[in-house]
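Undergrad: Sharing a model prediction with you, sequence too.
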Number of protein chains: 2
Amino acid sequence: MKTYSIGQAAKVLNLTPYALRYYDKEGLMPFLERNASGTRFFKESDIASLKIVDCLKSTGMPIKEIKTFIDWCSEGDSTLQQRHNMFQERKAVVEAHMAALVETMKVIEHKCAYYEEALEAGTEAVHKDNWAAQPR
Amino acid sequence: MKTYSIGQAAKVLNLTPYALRYYDKEGLMPFLERNASGTRFFKESDIASLKIVDCLKSTGMPIKEIKTFIDWCSEGDSTLQQRHNMFQERKAVVEAHMAALVETMKVIEHKCAYYEEALEAGTEAVHKDNWAAQPR
DNA sequence: GCTCGACTTCGAGTTAACTCTAGCATGGGA
DNA sequence: TCCCATGCTAGAGTTAACTCGAAGTCGAGC
């Protein structure tokens, strides 16, 4: 079975070896093994697990909470409900985040249009009179 | 014309007075006025400007770059092109962010389904055999 | 045998964006 | 008149998530 050094794993996951050691120190990789001389080696299952970590991170979850999840994974079937709840909550968080981004996008597109008109006119002054009439 | 104290502005913008003073110190509010005794008062135009700041922040733009934009605003029509470019870039950033969130969401939903099945079976072991066959 | 690159640990340093503390000023209500 | 909330400044403290430096080990290739 293929394994990865910390440098290779970092490359695959688009992280630095520093970050991976930090995650290890924070307890995000309890199943990570080492060879006789103490060097970490990452199995495919470790890479997969780190991809989940990355997924949770991208929902804005802090490392400490991710660790809680990892601990639940180690505890086995008795924590299935907590883990399910956690993913449900993450789903809600991502949905909220996406909704917020849609609103952000509306403002940005409005500003793009605003500056396109201003550029055409050569001056921002074109908007001064009818600002109140601008659609938000 | 209605104005707001720093506390009122903070409430309206869902920020703290600390944060608003910090933004002021960082130069994000060059048009902000004060009364005779040095107390800031926020006009509607300041509130609107801070909403744009908030919008840019929510695209992940750091304060220093937002300041650059604010400075361009102060410089007038000669920076229209830069400002337009900036919003175009922000649009691309938000689009990328949304696309990433869609991917994140797929993983999360997959995990929700995974844990629903596991809960039904009472054990995570139901997935052990056909993990490789799981759709990602 | 030597060198080189990649690995190790430990602990210190970095960065952004606040957040708070201390000490003081001000203005309105009882 | 006194009190209290709220404002001010300067500067220190906080937090997360790395990021790095120092000093040392290890295995491969020449």
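TA: Right, received. Where do you want to start?
Undergrad: Just give the closest residue to the residue most central in space within chain A, not the sequence neighbours.
TA: Centroid-nearest residue in chain A, with CA atoms, centre = their mean: A:Ser58, separated by 1.0 Å. Excluding its sequence neighbours, the residue lying closest to A:Ser58 (CB to CB, 6 or more residues apart in numbering or on different chains) is B:Thr104, at 4.9 Å. For every residue, glycine as well, the C-beta is placed using N, CA and C.
Undergrad: swap in A:Glu124?
TA: Nearest non-adjacent residue to A:Glu124, counting by CB to CB, 6+ apart: A:Ala118, 4.7 Å away.
Undergrad: do A:Ala100 as well
TA: Nearest non-adjacent residue to A:Ala100 (CB to CB, 6+ apart): B:Ser58, at 6.5 Å.
Undergrad: Show the backbone phi and psi for that neighbour.
TA: Main-chain dihedrals, B:Ser58, degrees, to the nearest 10: phi -70, psi -10.
Undergrad: I'd assumed A:Thr104 was in contact with it.
TA: Yes: between B:Ser58 and A:Thr104 there is a contact under CB atoms under 8 Å: 4.9 Å.
Undergrad: In chain A, mark out all the helices, start to finish.
TA: Counting by DSSP state H, one finds helices in chain A at the ranges A:6-13, A:17-25, A:44-57, A:63-75, A:80-121.
Undergrad: Show me what the third one is packed up against.
TA: Other helices and strands packing on helix A:44-57, by 3 or more CB pairs under 8 Å, 6 or more residues apart in numbering or on different chains; DSSP states H and E, are helix A:6-13, helix A:17-25, helix A:63-75, helix B:80-121.
Undergrad: right, quick check: the third one against DNA strand D, any contact?
TA: By that I understand helix A:63-75. Yes: for helix A:63-75 and DNA strand D, the contact criterion (CB under 7 Å from any atom of the strand) is met by A:63-64.
Undergrad: again, but for the first one
TA: No: interface with DNA strand D: helix A:6-13 contributes nothing (CB under 7 Å from any atom of the strand), its closest point being 9.8 Å away.
Undergrad: tell me the mean pLDDT over that helix?
TA: The average pLDDT within helix A:6-13 is 97.
Undergrad: cool, and the third one?
TA: For helix A:63-75, the per-residue pLDDT values average out at 97.
Undergrad: what's the angle between it and helix A:17-25?
TA: Interaxial angle of helix A:63-75 relative to helix A:17-25 (axes from the mean of the first three to the mean of the last three CA atoms, to 10 degrees): 60 degrees.
Undergrad: Give me the residues contacting helix A:63-75.
TA: Among residues not part of helix A:63-75, those counted as contacts by CB atoms under 8 Å, 6 or more residues apart in numbering or on different chains are A:23, A:26-30, A:49, A:53, A:56-57, A:79, A:82-83, A:86.
Undergrad: Please name the residues that touch the closest residue to DNA strand C within chain A.
TA: Closest approach between chain A and DNA strand C, counting by CB to the nearest atom of the strand: A:Gly7, at 2.8 Å. For A:Gly7, the residues meeting the contact criterion (CB under 8 Å, 6+ apart) are A:Pro17.
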